[in-house]
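> Need coordinates for the following:
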Amino acid sequence: MVSVNQGFTSVKEFNLDRVKPNNNICLKRPTRLGYYSFHYNNENKSVFCPDKSALRYLDLPDPAPIDCLQGYDSNIKYGHKKPKCSNLLRWILENETILSNFTYDFICSNGLLKDLMISAYNNYDWNICAAKIRGKIVLSIIESIDQKEIIDAESEKTNKSSYATLKLQRLITKNNNKCTSGRDADSFYGVFHSRIGSHQILHSGYLDCAESNKELNKPFDKMKFVLTKKFNRPRVSHTFHQANTWWSLAKLAGIDTVIRAECDQSFVVKNIDEFEADSLVHEHRKIIFLASLNMFLNHFKSVVTKENKCYNFHFNGKDKKLTGYMMMDLDDDLIPFWYINEQLPLES
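Sure thing, here's the model as predicted:
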């Protein structure tokens, strides 16, 4: 676990309150470059698979009632984020031929980019590690000690909600082998290339499922994917924060449709609808999201200048200030040494 307040060399501060709408900043539909699957083995280690083994497609049950707490274990905290950047780094080393046709400045996940986009409207703190390797800035989300303690102290209801979110995606989809469950922790990711402002980004994002089993017969770059999301009663609709999050994730993955489930207070789903992702937020907010992302990337690029050094950034969601610290050495838990040395790991 990483602390962002160790005695590192401080770097210049950044204030997001200065973000201004800029109609010239745009984020076009991303280019799909490839994909990979991964799952956790019996030792809870991530296993990389350069295939579509975890690809799923939408298969809504009829009738609709779905118990999203099937298999729930109160001894497990489901809100913890596990680093996944190493899977994208491995894909990069295995696909140098594909990448020879693209230039990029940043390497990161869609989840990280989403956090940067919505920070102007979000009061949550976050922590990011950055390192420049062979001229590319690798960005990774890190869970601080404080964040871990907050999640460990979450209420039973909050923990159940986190589990229900994960379980719902398994209960309304099937994998490409037409199994209803597959591995409990397998995931399918797309690899994308995007441009925003002067920046080019190589990023990967979790793909919930294809729109139908018919999509599985198409080339990957032609498949239609959907987001599968839920909101909890007694609310009558999704929250402002959910709208921002869902739109950002859909935008980054080139997804047009959201499948939305209404979850009652017992975490049973009885109603499911769908709508266009673009309708989630109004145009002014979209402009702010893109301007925020561009400003953060500008700042990272101006600060992360030394090769093979690790920079930690902490964002305070309340005062909108980003504080950075430079570590002297890289941490193998954040940037694996096999990637730095351009050698594939011996094991997945």
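> A helix includes residue 273, no?
No - according to DSSP: H, G, I helix; E, B strand; the rest coil, residue 273 belongs to no helix; its state is strand.
> To what extent is it buried, counted in neighbours?
9 (other C-beta atoms under 10 Å). In this view, the C-beta of every residue, glycine as well, is placed from N, C-alpha and C.
> Now that it has come up, it's in contact with residue 258, right?
No - using C-beta atoms under 8 Å as the test, residue 273 is too far from residue 258 to be in contact (9.1 Å).
> Where does pLDDT dip in the stretch 101-250 of the chain?
144-147, 149, 177-185 (pLDDT under 70).
> For it, which segments are assigned as strands?
Shown for the stretch 101-250 of the chain, the strands assigned by DSSP state E, counting those that start in this stretch span residues 106-109, 126-133, 136-142, 173-175, 187-196, 199-206, 209-210, 225-232.
> closest to residue 85 out of these?
Taking C-beta to C-beta, strand 136-142 is the member of the strands of the stretch 101-250 of the chain nearest to residue 85, at 4.4 Å.
> okay, the angle between the closest one and strand 126-133?
For strand 136-142 against strand 126-133, the angle by axes from the mean of the first three to the mean of the last three C-alpha atoms, to 10 degrees is 150 degrees.
> in the longest helix anywhere in the chain, what's buried?
Ranked by residue count and defined by DSSP state H, the top helix of the chain is helix 283-303. Neighbour-count burial for helix 283-303, counted by 16 or more other C-beta atoms under 10 Å, picks out 285-297, 299-301, 303.
> How about stretch 260-278?
Result for stretch 260-278 [16+ other C-beta under 10 Å]: buried residues 260-263, 267-269, 272, 277.
> quick one: contacts of that stretch?
60, 64-69, 160-161, 164, 168, 172, 226-234, 238, 246-247, 250-251, 255-259 (C-beta atoms under 8 Å, 6 or more residues apart in numbering).
> for this protein, what spans make up the helices?
Under DSSP H, the chain gives helices at 85-94, 96-99, 110-118, 145-152, 156-171, 240-253, 283-303, 337-340.
> among these, which is the most enclosed?
helix 110-118 (a mean of 23; mean count of other C-beta atoms under 10 Å).
> What is it packed up against?
Where contact means 3 or more C-beta pairs under 8 Å, 6 or more residues apart in numbering; DSSP states H and E, helix 110-118 is packed against strand 136-142, strand 199-206, helix 240-253, helix 283-303.
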